[in-house]
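*Asks:* 3D model of this:
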Amino acid sequence: MERGGCVYIMTNHNKTVLYIGVTSDLYNRILEHKQGKYPNSFTAKYQLKYCVYYEFLPRIEEAIAREKEIKKWRREKKELLINSSNPNWVDLWGLMKEW
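*Replies:* Numbering: from 1, shown residues only. As a prediction, this is how the structure comes out:
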């Protein structure tokens, strides 16, 4: 059985830093970021606690490839991607909690 994956983008309160990640369990991964589970991580260092974008893909390998693709982009292109589905950069955590 193949397992899907998810690419997501986290940011801080001031929206100055972006982090692109990939996971097979989005809800729990975002929870780990919010709780600071890994205190020495990049996301903890820059207090990236707001999920502003995510997309599901049918296979984890596709999600990993998509993550690598997005990471190569300039910031402007990443912002366009976020703005296409979340123009106010709202923390999407509230939607995830309802799953």
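*Asks:* quick one: residue 61 from residue 53, how far?
*Replies:* 20 Å (CB to CB, to the nearest Å). Placement of C-beta: from N, CA and C, glycine included.
*Asks:* these two: which has the busier surroundings?
*Replies:* The residue with more neighbours, out of residue 61 and residue 53, is residue 53; 22 against 12, by other CB atoms under 10 Å.
*Asks:* for the helix ranked longest in the chain, name the packing helices and strands.
*Replies:* For the chain, the longest helix by residue count, based on DSSP state H, is helix 60-72. Where contact means 3 or more CB pairs under 8 Å, 6 or more residues apart in numbering; DSSP states H and E, helix 60-72 is packed against strand 5-11, strand 18-23, strand 50-57.
*Asks:* any idea which of these gets closest to residue 66?
*Replies:* strand 5-11 (4.8 Å; CB to CB).
*Asks:* quick one: the closest one to helix 60-72, angle?
*Replies:* 30 degrees (axes from the mean of the first three to the mean of the last three CA atoms, to 10 degrees).
*Asks:* now what about strand 5-11, what contacts it?
*Replies:* If you take CB atoms under 8 Å, 6 or more residues apart in numbering as the criterion, strand 5-11 is touched by 17-24, 26, 29-30, 33, 43, 48-57, 59-64, 66-67, 70, 78, 81-82, 89.
*Asks:* which PyMOL command selects the buried ones in those residues?
*Replies:* Written as a PyMOL command, the selection of buried residues from the contacts of strand 5-11, which uses 16 or more other CB atoms under 10 Å, is:
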select buried, resi 18+19+20+21+22+23+26+29+30+33+43+48+49+50+51+52+53+54+57+60+62+63+66+67+70+78+81+82
